[in-house]
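K.L.:
can't give you the sequence, but here's the structure:
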């Protein structure tokens, strides 16, 4: 059965932007009669914690968002990721990269560099050059050997989108599979037909579509929800005031009122209404979702 999903990283409490995207993903899946999978992206054990994951799940439940089956955790799927990397290695599409983040940033800042894209420093190292770096104690990450070409797809909210294929990291130098690979593998394994997520991830989608194709899989469709911005026009963050359910509860606002606030931002009701989930589901129409960011400018916001 086709599935939708929400896959937060447990690095802290969910804020209004995260909750709004989760609500859209849930409504869209239920609108389509699809399963809804909840997957915790806990690959990074440095920034993730189980305590954060528990609070995130509690917040989603209190908002009325449910899911089918058990909660999944990316950390349980290393065998999936290792198998996918092995297939790419056999096809000659993987290389070892010894660059530090600082070196990548410096190379991208140089003339002809492109900020945000790997500059290809390690793409064609000789065996002796690799041996020298490893003798110096450098542990390699594994990168995809990109094609340098572009991929175009039609996003359900952002419309036609084109992006270049990057040499993304597949496995970090600490042995942990990277997000760009893991999300592709898990979405296919879970039967996700439509990935609904924030549009900060729009630029990474062409490479993920390309990765799925290299592995012989049909890529899901995508719908990138416009972000929530603060009163300065920056992406909403927890420092911007009462932006989590706990924050808003401390100010005397019920979860139902926060749900109405989110629904109003999606054009599903007025802010002065109180709306239940059954009504939200009946009113949901993907074609009427906003295509521009929601500017959250609540009195008392910091900054």
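P.N.:
Arrived safely. Please read all numbers here as calculations on a predicted model, not as lab measurements.

K.L.:
what secondary structure does the residue of the chain most remote from its centre sit in?
P.N.:
Distance from the centre of the chain peaks at residue 128, with 37.5 Å (CA atoms, centre = their mean). Secondary structure, DSSP: H, G, I helix; E, B strand; the rest coil: residue 128 is helix.

K.L.:
how far away is it from residue 200?
P.N.:
40 Å (CB to CB, to the nearest Å). The C-beta positions use only the backbone N, C-alpha and C, and glycine is treated the same way.

K.L.:
Please apply the same query to residue 229.
P.N.:
From residue 229 to residue 200 the distance is 11 Å (CB to CB).

K.L.:
And residue 71, by the same measure?
P.N.:
Residue 71 is 23 Å from residue 200, by CB to CB.

K.L.:
swap in residue 26?
P.N.:
Remark: distance between residue 26 and residue 200 (CB to CB) = 19 Å.

K.L.:
Settle it for me: which of the two has more neighbours?
P.N.:
residue 26 (26 against 14; other CB atoms under 10 Å).

K.L.:
Residue 259 is in contact with residue 275, correct?
P.N.:
Yes. The criterion here is CB atoms under 8 Å, and residue 275 meets it with residue 259 at 7.4 Å.

K.L.:
Name the residue in these two with the higher neighbour count.
P.N.:
Each of residue 275 and residue 259 has its neighbours counted (other CB under 10 Å); residue 259 has more, 23 against 16.

K.L.:
Strands of the stretch 1-150 of the chain, start to end?
P.N.:
3-6, 35-40, 72-73, 94-97, 141-144, 150-155 (DSSP state E, counting those that start in this stretch).

K.L.:
who does the shortest one touch, helix- and strand-wise?
P.N.:
Taking 3 or more CB pairs under 8 Å, 6 or more residues apart in numbering; DSSP states H and E as contact, the helices and strands that strand 72-73 lies on are strand 35-40.

K.L.:
give me that answer again for 6 Å
P.N.:
Helices and strands touching strand 72-73, by 3 or more CB pairs under 6 Å, 6 or more residues apart in numbering; DSSP states H and E: there are none.

K.L.:
Low-confidence ranges, the chain, go.
P.N.:
Within the chain, the segments meeting pLDDT under 70 span 108-116, 299-303.

K.L.:
Identify the residues contacting the helix of greatest length in it?
P.N.:
Determined from DSSP state H, the single longest helix within the chain is helix 16-31. Residues outside helix 16-31 that contact it (CB atoms under 6 Å, 6 or more residues apart in numbering) are 4, 6, 36, 65, 196, 198, 225, 227-228, 236, 243, 262, 281, 284, 286.

K.L.:
Buried ones in it, by neighbour count?
P.N.:
16-30 (16 or more other CB atoms under 10 Å).

K.L.:
now, which of those residues sits nearest residue 146?
P.N.:
residue 21 (28.0 Å; CB to CB).

K.L.:
hmm, back to that, out of the contacts of helix 16-31, which are inside strands?
P.N.:
Among the contacts of helix 16-31, DSSP state E puts 4, 6, 36, 196, 198, 225, 228 in strands.

K.L.:
ok, which pair from the residues you listed is furthest apart?
P.N.:
36 and 228 (21.6 Å).

K.L.:
Looking at these two, which has the bigger crowd around it?
P.N.:
A direct count of neighbours by other CB under 10 Å for residue 36 and residue 228 places residue 228 higher, at 24 against 21.

K.L.:
now the helices for the protein?
P.N.:
Using DSSP H, helices in the chain cover 16-31, 50-63, 78-90, 101-109, 127-135, 179-189, 205-214, 245-250, 255-265, 277-283.

K.L.:
Including distance to residue 160, could the ones you listed go into a markdown table?
P.N.:
Output for the helices of the chain, formatted as a markdown table (distance: least, CB to CB, whole Å):
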| stretch | distance to residue 160 |
| --- | --- |
| helix 16-31 | 20 |
| helix 50-63 | 32 |
| helix 78-90 | 28 |
| helix 101-109 | 27 |
| helix 127-135 | 40 |
| helix 179-189 | 21 |
| helix 205-214 | 12 |
| helix 245-250 | 36 |
| helix 255-265 | 25 |
| helix 277-283 | 28 |
